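Enquirer: sharing a model that was predicted from the sequence below.
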Amino acid sequence: MFERLRRAAGAALLVTAGLVPAVNTANASVTPGDGLALTPPMGFNNWNSTHCGAQFNEDMVKGIADIFVAKGLKDAGYQYVNLDDCWALPARDADGNLVPDPVRFPHGIKAVADYIHAKGLKFGIYTSAGTKTCNTAGFPGGLGHEQQDANLFASFGVDYLKYDNCNNQGVDAIQRYTAMRDALRNTGRPIVFSLCEWGQNKPWTWASSVGHLWRTTGDISDSYSSMLNIAKQNWALSQYSGPGHWNDPDMLEVGNGGMTPMEYQSHFSLWSIMAAPLLIGTDLRKATPNTFAMLSNRDVIAVDQDPLGVQATPLRTGGLDVFVKPLQNGDKAVLLFNETETTGRIATSAAELGLSRAP
């Protein structure tokens, strides 16, 4: 197979190259003990589009679940509808429990989780591995309350926990995140554990026994420069990723308006070739048909969700980039990415991609 393309600036093309005859590598992946997140989690998180704005409420969250079903995103593989910061009140109750904000969530969190579960979807929630979360309002964090909070989350019906890193009081990261891991396990409920440690203590070197995914970088913002900088940090870590333990370069910005459609296409293709979690970060109630088409591109999603679980290796970088990702059936996915501001030509060959000769 040979691709020779002239592409506009910021463009990415994702293709698959057949290896003939196909090699069955179904047994090559390592299956973690708890069987969770064997492919990168797919879903939605409100933070990139709402932060703590008033639009973040029960109606919005239920509306996202409705859209997942109505627009085919559930059928395309998206499962999790996740809350971020500001879902709780700034103080615990007399028993020390977190209290849902009655204005944002008048029927409580369990009612929202039940609604999402009734759609055949899964529900996620947020807190921080510190005394307070990241918002300046000072919502209570989980440090010192790990088992109490884990028990509460399990009673809500939580399937996914994003555990942030703010106000950590200088306590060792491994100690803080392991404490919540153990608390979640003690509940007996299967909960995907997302470590939002920002890559500060190189979680890729220790977190595979603690959580199912870990942030490799600081927060993404809705700009091409931010997306590209985060992608570069993440693509250097391919050796640490695999089924049940994923490098997480943060949530998707696709559809939020700060990049061109071609730049968003590059963003989505890069995250998919890197076997990254695909968590939609735009308010789908306002999304354009182009945004829905991009987010539901099943060929690209299939690359991200391939059961072999290999993060792509960069074969060539420096502006005109080539990435290759082995797939379970022996094929290889290839990303040709022009990260520059000028038109360029990217070429690769079957030999460079490691494909054997075939008729």
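Expert: Perfect, thanks for sending it.
Enquirer: if I pick the residue most central in space within the chain, what's in contact with it?
Expert: Central residue check for the chain by C-alpha atoms, centre = their mean: the C-alpha nearest the mean position is that of Pro277, 2.8 Å away. Each residue near Pro277 by C-beta atoms under 8 Å, 6 or more residues apart in numbering is listed here: 40-42, 194, 213, 246, 248, 251. Any C-beta I mention is one placed from the backbone N, CA and C, and that applies to glycine too.
Enquirer: do Gly124 as well
Expert: So Gly124 contacts 43, 45, 80-83, 158-162, 192 (C-beta under 8 Å, 6+ apart).
Enquirer: neighbours around the nearest residue to Asp114 once chain neighbours are set aside, how many?
Expert: Distances taken as C-beta to C-beta, 6 or more residues apart in numbering place Gly157 nearest to Asp114, at 6.6 Å, with adjacent residues excluded. Neighbour count of Gly157, defined by other C-beta atoms under 10 Å: 18.
Enquirer: so Gly157 touches Ala113, yeah?
Expert: Yes - counting by C-beta atoms under 8 Å, Ala113 is a contact partner of Gly157 at 3.9 Å.
Enquirer: give me the common contacts of these two.
Expert: The contact sets of Gly157 and Ala113 overlap at Phe123 (C-beta under 8 Å, 6+ apart).
Enquirer: return the subset of the contacts of Gly124 lying in strands.
Expert: Counting by DSSP state E, these place 43, 45, 80-82, 160-162, 192 in strands.
Enquirer: how about a markdown table for the residues you listed, with pLDDT and distance to Ser221 added?
Expert: Below are those laid out as a markdown table (pLDDT from 0 to 100; distance: C-beta to C-beta, whole Å):
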| residue | pLDDT | distance to Ser221 |
| --- | --- | --- |
| Gly43 | 99 | 20 |
| Asn45 | 98 | 15 |
| Tyr80 | 99 | 22 |
| Val81 | 99 | 23 |
| Asn82 | 98 | 19 |
| Tyr160 | 99 | 23 |
| Leu161 | 99 | 24 |
| Lys162 | 99 | 18 |
| Val192 | 98 | 25 |
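Enquirer: nearest to Gln239, of those?
Expert: Distance to Gln239, by C-beta to C-beta, is smallest for Val192 among those, at 22.1 Å.
Enquirer: spit out the contact partners of Trp47.
Expert: Shown in contact with Trp47 (C-beta under 8 Å, 6+ apart): 84-85, 251, 281.
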